[in-house]
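Trainee: Fold the stuff below for me.
(one chain, ligands or ions: 1)
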Amino acid sequence: LRIAPVLSSAAQLVDRTLYIHLHPGLNLGSGSPPRPVYLPPVVDLSTFITRLYSNAADVCGHLDVRFLLTNIRAHPTACSGSQTPSSPFPTPQPLSHSPEVVLTDFAVQDPHQTNQVTQCLEKYAGCCYVCRPGLSSVLLHPQLQENEDRLRNQGEKLECLETYSDVVVGGTFDRLHGAHKSLLNVSCVLASKRFVIGVCNQAMLKKKVLKELVEPYSLRVQKLKEFLQDTKPSLQVEIVPLDDPFGVSIVDPLLKCIVVSEETKKGGEAVNQKRIENGLQPLVLHEIQLLKDVHHTDIEEEKISSSSLRFRLLGTLLAPPKDASHLPTLPYVIGLTGGSGSGKTSIAKQLEALGAVRIDCDKLGHEVYQKGTAAYHKVLEVFGSEILNEDQSINRRALGRKVFGNKEQLKALTDIVWPEIAELAQSRIHQAREEGKRVCVVDAAVLLEAGWTDWMHEVWLTIIPEEEAVLRITERDGVTVEDAQHRLQSQWSNSKQVEHANVVLSSLWEQEITRKQVLKAWNLLQQRIQLKLGGLEGDAGGSHQV
Ligand SMILES: CC(=O)SCCNC(=O)CCNC(=O)[C@H](O)C(C)(C)COP(=O)(O)OP(=O)(O)OC[C@H]1O[C@@H](n2cnc3c(N)ncnc32)[C@H](O)[C@@H]1OP(=O)(O)O
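Mentor: Numbers count the residues shown, from 1 in each chain. Presented below is the predicted three-dimensional model:
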């Protein structure tokens, strides 16, 4: 009952990381600073953790909340109410992000006490964690539902939570969120010695929504390590890649418990089946609650999920634009690219409707083949007269069949036409500049392959899964599945393109959803342009105010 009010008042003061240290009954008003104590891992604690992360997602979603377990320790006498183990508390624990301020919800009865209480609090924090010198303290005044609180605390019986020497969990752990942290925290409470985490490798991501936006394996592992080092440094953490749904869970004889959610319970049962087949003891399945995502939209999952987080990244700035000081600030040039069938042209048209000048490079490409032009003759020289229509114009479909799926032939063609298309596109940008336009969108299917990023301010990319692209291409262009695949194979993969993109969009869902992404991307772009222009004006006046 206290969690949400405490979190929301803390969120008003904290920008990034909120570490949580639990000490029920902490008395800061007695004059002498209290000592940190060990708390027993009780069943209530796992409920607390789930509520904590569920509330955190709701009231302070922008914060990286980490519940610390250093003072949670199993002890034979630990589960009989207020008793705590008497072994000395270890030396202060260093945290990944050194605390700058310590907050408490301890209620001061007499305002004259405040100074003494804050001093006690700072000393107490320094006994538990390594804090920077000059750590300040703040007394929070959360709006607690006191009566209910008091009622709950009366005659409470604490039930001990069973702990296990070796605990295992598996998952993708993309963009570590509250539900992951809740799972990890509960697992850390359950594990007394070793915690094994299987992390999905590339092979396991094939079916994931927006799999191209899943963080690299090494980054996911790094974030997990940092979180667990803060949470429970005494634990032996082993992170192993998962190439299949089972990994080490079905071969490690020391494992005792697997932590699952409602959704992954079946997977846990399958693990046990395999363990029995392998002559190993089955694991205890510890099921935790799925956290609800109160902010989820109609097309997002109800639970807190990485897929929803990836979806929300669409249209936002994923990577800062590279230095474009060699380009005029206006028009701001967006290179819009994406595989065949990814909806690039329809997105370019939406941007045009919002005010951008659209430069369609497929169309410019067609212009350069016109009879009598230099490119026309060069293409004829390289590919022969079999690519001509009866009227001697170039049959692009026939040319496409020759080049898509044949690297050398495609290169021969693009060496001829790309310089010509680039020149046409640049002259359109120049014209837009003279007309005082603010934004140009260069719609070019293979912009990255062509190395055109030097004359763009940003690269925007539209992606859809390959199977969907094949469906769309065959339907739209009346070509065979094989031809569609050849065409896609002539282009960089989505993942490779994502590495170079500043903004990613996806037309996988209904048109309205694409429209919302485009609008979001456009509005954010306007803010970036405004900032740039503001910066320029500031520079011109010699002012460097922050
Ligand atoms: C750097 C740029 O992106 S410039 C724009 C792309 N144009 C080029 O690269 C020039 C070379 N390509 C061509 O001239 C033509 O595509 C041809 C002659 C091969 C085929 O012409 P057409 O049958 O009329 O097909 P069209 O030009 O509409 O292109 C068909 C698809 O192939 C893709 N495509 C075009 N050029 C290439 C290429 N060089 N490599 C891979 N895919 C390509 C396009 O993305 C398009 O799909 P989309 O509309 O879903 O995005």
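Trainee: Going by C-alpha atoms from here, please, whenever you check contacts or count neighbours.
Mentor: Noted.
Trainee: Checking whatever residue of the stretch 1-150 of the chain ends up closest to the ligand next. Helix, strand or coil?
Mentor: Proximity to the ligand, evaluated over the stretch 1-150 of the chain using C-alpha to the nearest ligand atom, is greatest for His62 at 37.1 Å. Secondary structure, DSSP: H, G, I helix; E, B strand; the rest coil: His62 is coil.
Trainee: That one - how many residues pack around it?
Mentor: For His62, the count of nearby residues is 14 (other C-alpha atoms under 10 Å).
Trainee: can you offset everything so residue one is 409?
Mentor: With the count now opening at 409, the last piece we talked about shows up as His470.
Trainee: what's the neighbour count on the spatially closest residue to Tyr446 that is not a sequence neighbour?
Mentor: The spatially closest residue to Tyr446, leaving aside those adjacent along the chain, is Asn479, at 4.7 Å (C-alpha to C-alpha, 6 or more residues apart in numbering). Using other C-alpha under 10 Å, Asn479 has 19 neighbouring residues.
Trainee: give the contact list for the residue of the stretch 409-558 of the chain closest to the ligand.
Mentor: By C-alpha atoms under 8 Å, 6 or more residues apart in numbering, the contact list for His470 reads 423-424.
Trainee: Could you tell me the per-residue confidence at it?
Mentor: At His470, the model reports a pLDDT of 88.
Trainee: Over to the one 3 residues further on?
Mentor: Val473 is assigned 96 on the pLDDT scale.
Trainee: residues from the protein in reach of the ligand?
Mentor: 748-749, 769-770, 773, 804-805, 807-808, 822, 825-826, 852-855, 858, 895, 898-899 (C-alpha under 6 Å from any ligand atom).
Trainee: Only whichever of the residues you listed are buried, select them in ChimeraX.
Mentor: To isolate the buried ones among those in ChimeraX, judged by 16 or more other C-alpha atoms under 10 Å, type:
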select :748,749,769,773,807,808,822,825,826,852,853,854,855,895,898,899
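Trainee: any idea which strand is longest in this protein?
Mentor: In the chain, with assignment by DSSP state E, the single longest strand is strand 599-608.
Trainee: For that one, which strands pair with it and how are they oriented?
Mentor: Strand pairing for strand 599-608, determined by DSSP bridges: strand 572-579 (parallel), strand 644-650 (parallel).
Trainee: Please work out how many residues are found near the closest residue in space to Leu916 that isn't next to it in sequence.
Mentor: On the basis of C-alpha to C-alpha, 6+ apart, the spatially nearest residue to Leu916 that is not a chain neighbour turns out to be Ile872, at 5.7 Å. For Ile872, the count of nearby residues is 22 (other C-alpha under 10 Å).
Trainee: which other residues reach the longest strand of the chain?
Mentor: Strand 599-608 has contacts (C-alpha under 8 Å, 6+ apart) with 571-581, 595-596, 625, 629, 642-652, 655-656.
Trainee: For the residue of the stretch 609-758 of the chain found nearest the ligand, which non-adjacent residue is closest in space?
Mentor: In the stretch 609-758 of the chain, the residue that lies nearest the ligand is Ser748 (3.3 Å; C-alpha to the nearest ligand atom). Leaving aside its sequence neighbours, Ser748 sits nearest to Leu896 (C-alpha to C-alpha, 6+ apart; 6.4 Å).
Trainee: hang on, isn't that neighbour packed against Gly749?
Mentor: No. Using C-alpha atoms under 8 Å as the test, Leu896 is too far from Gly749 to be in contact (9.0 Å).
Trainee: picking up where we left off before, can I get the longest strand of the chain in CSV? Just the C-alpha atoms.
Mentor: Taking C-alpha atoms only, strand 599-608 is exported to CSV below (Å, rounded to 0.1, in the frame of the first residue of the first chain):
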residue,chain,number,x,y,z
ALA,A,599,18.8,-18.3,-5.3
SER,A,600,21.2,-18.7,-2.4
LYS,A,601,24.3,-19.6,-4.3
ARG,A,602,24.2,-19.6,-8.1
PHE,A,603,21.9,-17.9,-10.7
VAL,A,604,22.0,-19.2,-14.3
ILE,A,605,20.5,-17.0,-17.0
GLY,A,606,20.0,-18.3,-20.5
VAL,A,607,19.9,-15.3,-22.9
CYS,A,608,18.4,-15.8,-26.4
